[in-house]
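K.L.:
Using only what follows, build the 3D model:
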Amino acid sequence: MNSKRGISKLAKVIVCASVVGSIGFYNLLAPNAYEVYVNGRAVACVKDMNAAGTMVNKVYSELVNRFKGIKIDKDTVYLSVIANSEAISSEEDIRNNIINALSTKVKAVEMRVDGNLVAILASKEEGQKVVSLLSTHYSNKAAQDNEKFPGISSKIEYKEVEVNLSQVDVVEDTVKKLIENTDKGTSPAVKIAYASKDEKTVIANRQKTISMAVPSRGSISSNFGLRWGRMHEGIDIAANTGEPIYAAMDGKVIYSGWASGYGKMIKIQHEDNIQTIYGHCSKLRVAVGDIVKKGQLIGDVGSTGNSTGPHLHFEVIINGKAVNPYPYIYKN
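P.N.:
Next up is the predicted model:
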């Protein structure tokens, strides 16, 4: 009798354990998230379908506001899935994935800085916002170094184009890229003109009277201003090794030889306490004491000293202070 009761009690325990195990197993395999598909492409994994719908509609609204007249061909599907927390998409990922999934053509603009394509943006207004954010950034940096920031001297151009939606860049990413390139001295970048109070006065008073020749044929590869966390007190003109270097003005050679960092360097004294420096030369064609004329051959382009490639480092010094050479050799 006691044996039968024991068996019956054991059977009940087994049945209960089976029920609990089944419930646990079901919970383990039950869908706990949703995959979102747009035009057949998975764009997100989310916990809440209503929240996902709100997010998707928000992206569509942003696109309509950003691209006037855009027609979005979309087919959105939600599927129940099992997913862990690591699979849940961020808002930024959802936005980017939706844009890539939409096969939509939009009217946009190419933004070019000094002839270089830097971004494709939704409108000219977005390009102007890029310039404004850059100006604010460099104005703040100049203020920290007790400098004045006259503005960005680069030529900005816009061209209307029709592209896929996924090809259009983001304003903030464009600003970040241009700041990084400008500070590193790589292309594409913007021309930044820094000036102290004294320098601004000197330029205003002398720019019309000082006439300088372009010291070398080539393109500017690095501008005057902050570079790699320190001041770059001249401009770099990229050219092939052996290309001619010319005196910017009449004057007298006061140094011709090796200088730390500059490599083979020439320094010329001009009237009105103006000096010019020509660095990284491969060959020096003048000696100390020589009297030179504006446009006279004085050396060859090279890559001596601290240099990553052949170019001329050109400086203008007025009253003992390095100023931006650009306004003196490139007249608008």
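K.L.:
wait, H270 sits on M249?
P.N.:
Yes: applying Cβ atoms under 8 Å as the test, H270 and M249 come out as touching, 4.8 Å apart. C-beta: built from backbone N, CA, C; applies to glycine.
K.L.:
Quick check: neighbours shared by the two?
P.N.:
Residues touching both H270 and M249 (Cβ atoms under 8 Å, 6 or more residues apart in numbering): T276.
K.L.:
So which residues of the stretch 201-332 of the chain form helices?
P.N.:
Applying DSSP state H, counting those that start in this stretch to the stretch 201-332 of the chain gives helices spanning 326-329.
K.L.:
Quickly list what E110 is bridged to.
P.N.:
Note on E110: beta-bridge partners by DSSP bridges are I120, K159.
K.L.:
quick one: contacts for it?
P.N.:
E110 sits next to L117, A119, I120, Y158, K159, V161 when contact means Cβ under 8 Å, 6+ apart.
K.L.:
most neighbours, which of these?
P.N.:
Counting neighbours by other Cβ atoms under 10 Å, A119 leads the contacts of E110 with 23 neighbours.
K.L.:
Need the pLDDT of that one.
P.N.:
Note on A119: pLDDT of 92.
K.L.:
wait, it sits on D169?
P.N.:
Yes: A119 sits in contact with D169 when judged by Cβ under 8 Å, with a separation of 4.2 Å.
K.L.:
need the contact list for the closest residue to R41 other than its chain neighbours.
P.N.:
Spatial nearest neighbour of R41, excluding adjacent residues (Cβ to Cβ, 6 or more residues apart in numbering): A101 at 4.2 Å. By Cβ under 8 Å, 6+ apart, the contact list for A101 reads V38, N39, R41, V43.
K.L.:
in stretch 286-303, what counts as buried?
P.N.:
For stretch 286-303, burial by neighbour count (16 or more other Cβ atoms under 10 Å) applies to V286, D290, V292, Q296, I298, G299, D300, V301, G302.
K.L.:
which of those lies closest to L165?
P.N.:
V301 (45.0 Å; Cβ to Cβ).
K.L.:
Can you give me the distance of that closest one to A122?
P.N.:
42 Å (Cβ to Cβ, to the nearest Å).
K.L.:
now V190
P.N.:
20 Å.
K.L.:
Now do stretch 137-152: distance from first to last residue.
P.N.:
Across its full length, stretch 137-152 reaches 11 Å end to end, with Cα to Cα, to the nearest Å as the criterion.
K.L.:
Oops, could you answer that again for stretch 35-55 instead?
P.N.:
Start-to-end span of stretch 35-55 (Cα to Cα) is 13 Å.
K.L.:
That one: how far from the chain's middle?
P.N.:
Stretch 35-55 sits 32 Å away from the centroid of its parent chain (Cα atoms, centre = their mean, to the nearest Å).
K.L.:
buried set for it?
P.N.:
Under the neighbour-count rule (16+ other Cβ under 10 Å), stretch 35-55 has E35, V36, Y37, V38, V43, A44, C45, V46, A52, M55 buried.
K.L.:
These into TSV, with extra columns for distance to N319?
P.N.:
Converted to TSV, these look like this (distance: Cβ to Cβ, whole Å):
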residue	distance to N319
E35	69
V36	66
Y37	68
V38	64
V43	62
A44	62
C45	65
V46	65
A52	65
M55	60
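K.L.:
Same list, these, but as CSV with pLDDT, secondary structure and distance to Q144 please.
P.N.:
Output for these, formatted as CSV (pLDDT from 0 to 100; DSSP: H, G, I helix; E, B strand; the rest coil; distance: Cβ to Cβ, whole Å):
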residue, pLDDT, secondary structure, distance to Q144
E35, 82, strand, 48
V36, 81, strand, 45
Y37, 83, strand, 49
V38, 79, strand, 45
V43, 80, strand, 42
A44, 79, strand, 41
C45, 83, strand, 44
V46, 81, strand, 43
A52, 75, helix, 44
M55, 79, helix, 39
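K.L.:
So the nearest residue to D290 once chain neighbours are set aside versus Y278, what's the distance?
P.N.:
Distances taken as Cβ to Cβ, 6+ apart place V253 nearest to D290, at 4.5 Å, with adjacent residues excluded. As defined by Cβ to Cβ, V253 lies at a distance of 10 Å from Y278.
K.L.:
same question, Q128
P.N.:
Noted for Q128: a distance of 38 Å to Y278, by Cβ to Cβ.
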